[in-house]
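Student: How does the following fold in three dimensions:
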Amino acid sequence: MMGDKTSYFPMGQGNLLPQEEMLEVGRRKKKLSIGIPKESSRFENRIALTPQGVELLVANGHTVLFESGAGDKAHYFDHDFAECGAQILKEKAQVLKADIILKVSALTSEEVEQLATNQLVISLLNLHNQTRASLQKMLDRRLNAISFELLKDDNGCYPVIRSMSEIEGTTSVMIASEYLSKAQNGKGVLLGGVTGISPAELVILGAGTAGEYAAKAAIGLGASVKVFDNSYHSLRELERNVGQRIFTSVLHPQALTKALQSADAVMGSLRYLQAGRSFMVTREQVEQMKPGSIIIDLSMDQGGCFESSRCTDLESPVFTKHGVVHHCVPNIASLVSRTSSIALSNIFAPIILRLGEAGGVHHLIKEDVGLSHGMYLYKGILTNSYIGRRFNMPYKDIGLLMAAF
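Tutor: Residues are numbered from 1 along each chain as shown. This next block holds a predicted model:
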């Protein structure tokens, strides 16, 4: 009697219960294929998955399809990925057949045309450079898409934005030091101070993550640092994280103009929007800066925070206007591509592992609010209200879609 469970449950219900549990386990586990295509942009040097990230995924039963040469600009080569279990493919079309396409820059029209319905794309959205036509192509393909910029973690922070901002803030100080030196035909100023000589002045616009790490790097070199922001709370947090008292101020026009006039370098990572303006520092304020000083605009992906800024690239990163050197590259994290790639891989390898454990993106976004926040296309439906309003495209709330599917 004890061994015959059907005797306790009429109509074989005892057999159904363990079967349901087994089906649930089968549904939750899924082996995924991840495609890493070569970046089409000649100015993008990063890669979203390092050999160590590949090794972690392969060890958990997933397949990584890697286009030959995709990691060269980050000094990760085909043999590095092959040794960690990746399949090295010469044809991009083969890589684009994977369940998940993971890359840094947004997909090109040619790449989108090679994708199949229901594939998942994880990449930068680059909304400032995005077009309605390219989004429509992805909608027509009925793709699922997650944006690097929109992903949130368990603490409500944006991990990719924060990580890249840390790198860009530190790198901006390196750039300022380089272009103030004679190596780049600068005026020959040492950014850090030495005995008996006043240190160079760095003005930082924005007390966010990039501003904080720029301040830390500049203080470490011995520079004089002034930070401006329109949030008193952010200024206080920056000062606490830096660990010492520095000059901080809200964005009072007179105080900012005076600081800009004496600055040797200005780093901008805050966008100011008011009365149709998409910049914080006016042309008149730039004209009053010292000849040979340098501006590093980290807000170029949002339109820039200096009126005199215009987008440049890693091949021709600077131009001189009003006697001031302007560095306006939107992806300066690519200058330190290996470090940036490690940072991205540390974020995305665990996410893909969770996707596999959950049985795919359709299950995980029901459980992970941060991941669902990063999703802007679901089954070919636009789910981001801001993108919908920007391009005048219909959109639906992803929460309602979860209830429908």
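
Student: Could you list the low-pLDDT ranges of the stretch 1-150 of the chain?
Tutor: Scanning the stretch 1-150 of the chain for pLDDT under 70 picks out the ranges 1-28.

Student: got the buried residues for stretch 190-197?
Tutor: By neighbour count on 16 or more other C-beta atoms under 10 Å, the buried set for stretch 190-197 is 190, 191, 192. C-betas here are computed from N, CA, C, even on glycine.

Student: and which of these is nearest residue 208?
Tutor: Proximity of the buried residues of stretch 190-197 to residue 208 was ranked by C-beta to C-beta; the top entry is residue 191 with 21.4 Å.

Student: re the thing from before, quick one: least confident of the buried residues of stretch 190-197?
Tutor: pLDDT across the buried residues of stretch 190-197 is lowest for residue 192, at 82.

Student: Please report how far that one lies from residue 289.
Tutor: Applying C-beta to C-beta, to the nearest Å, the value for residue 192 to residue 289 is 20 Å.

Student: Same question for residue 232.
Tutor: 26 Å.

Student: So for these two, which sits in the more crowded spot?
Tutor: Neighbours per residue, other C-beta atoms under 10 Å: of residue 232 and residue 289, the larger number sits with residue 289, 23 against 12.

Student: secondary structure class for that one?
Tutor: Counting by DSSP: H, G, I helix; E, B strand; the rest coil, the backbone at residue 289 sits in coil.

Student: Now the element after the helix or strand hosting residue 178, going C-ward?
Tutor: Using DSSP states H and E, residue 178 sits within helix 159-180. As assigned by DSSP H and E, the chain's next helix or strand after helix 159-180 is strand 201-205.

Student: by how many degrees do that following strand and helix 159-180 diverge?
Tutor: Computed with axes from the mean of the first three to the mean of the last three C-alpha atoms, to 10 degrees, the direction of strand 201-205 lies at 150 degrees from that of helix 159-180.

Student: quick one: buried residues of the helix or strand just after strand 201-205?
Tutor: Next helix or strand after strand 201-205 toward the C-terminus (DSSP H and E): helix 209-221. In terms of neighbour count (16+ other C-beta under 10 Å), helix 209-221 has its buried residues at 209, 210, 211, 212, 213, 214, 215, 216, 217, 218, 219, 221.

Student: helices or strands next to the helix or strand encompassing residue 254 in the packing?
Tutor: Using DSSP H and E, residue 254 falls within helix 253-262. Helices and strands touching helix 253-262, by 3 or more C-beta pairs under 8 Å, 6 or more residues apart in numbering; DSSP states H and E, are strand 201-205, strand 224-229, strand 247-250, helix 283-287.

Student: Just the buried residues of it, please?
Tutor: In helix 253-262, counting by 16+ other C-beta under 10 Å, buried: 256, 259, 260.

Student: From those, pick the one nearest residue 401.
Tutor: Taking the buried residues of helix 253-262 together and measuring to residue 401 by C-beta to C-beta, the closest member is residue 256, at 45.1 Å.

Student: in a strand, that's where residue 316 is, yeah?
Tutor: No. Read with three-state DSSP, residue 316 is coil and lies in no strand.

Student: Show me what the helix or strand harbouring residue 363 is packed up against.
Tutor: Assigned by DSSP H and E, residue 363 belongs to helix 361-367. Helices and strands touching helix 361-367, by 3+ C-beta pairs under 8 Å, 6+ apart, are helix 337-358, helix 369-374, strand 375-378, helix 398-404.

Student: Quick one: closest of these to residue 79.
Tutor: Residue 79 lies closest to helix 337-358 among the helices and strands packed on helix 361-367, at 16.2 Å (C-beta to C-beta).

Student: Buried residues in the closest one, which are they?
Tutor: Neighbour-count burial for helix 337-358 [16+ other C-beta under 10 Å]: 337-345, 347-349, 351-353, 355-356, 358.

Student: could you dump that helix to CSV, C-alpha only?
Tutor: Extracted in CSV, the C-alpha atoms of helix 337-358 (Å, rounded to 0.1, in the frame of the first residue of the first chain):
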residue,chain,number,x,y,z
SER,A,337,39.3,49.2,-24.2
ARG,A,338,40.8,46.3,-22.3
THR,A,339,39.8,47.7,-18.9
SER,A,340,36.3,48.7,-20.3
SER,A,341,35.8,45.2,-21.7
ILE,A,342,36.6,43.6,-18.4
ALA,A,343,34.1,45.9,-16.7
LEU,A,344,31.4,45.0,-19.3
SER,A,345,32.1,41.3,-19.1
ASN,A,346,31.8,41.4,-15.3
ILE,A,347,28.3,42.7,-15.8
PHE,A,348,27.0,40.6,-18.7
ALA,A,349,28.4,37.1,-17.9
PRO,A,350,26.3,36.8,-14.7
ILE,A,351,23.2,38.2,-16.5
ILE,A,352,23.5,35.5,-19.2
LEU,A,353,23.9,32.9,-16.6
ARG,A,354,20.7,34.1,-15.0
LEU,A,355,19.0,34.0,-18.3
GLY,A,356,20.0,30.3,-18.7
GLU,A,357,18.9,29.4,-15.2
ALA,A,358,15.5,31.1,-15.7
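
Student: Now for the spatially closest residue to residue 371 that is not a sequence neighbour: which residues touch it?
Tutor: Nearest non-adjacent residue to residue 371, counting by C-beta to C-beta, 6 or more residues apart in numbering: residue 365, 5.4 Å away. The contact partners of residue 365, taken as C-beta atoms under 8 Å, 6 or more residues apart in numbering, are 371, 372, 375, 378, 398, 402.

Student: The closest residue to the third one other than its chain neighbours - how many residues pack around it?
Tutor: Same thing as residue 375. Ranked by C-beta to C-beta, 6+ apart and with sequence neighbours excluded, the top spatial neighbour of residue 375 is residue 146, at 5.1 Å. For residue 146, the number of neighbouring residues by other C-beta under 10 Å comes to 25.

Student: swap in residue 154?
Tutor: With neighbours defined by other C-beta under 10 Å, the count for residue 154 comes to 9.

Student: So it: helix, strand or coil?
Tutor: coil.

Student: what's the answer for residue 146, then?
Tutor: strand.

Student: Verify the stated contact: it with residue 374.
Tutor: Yes. At 4.6 Å, residue 146 and residue 374 qualify as touching, with contact defined as C-beta atoms under 8 Å.
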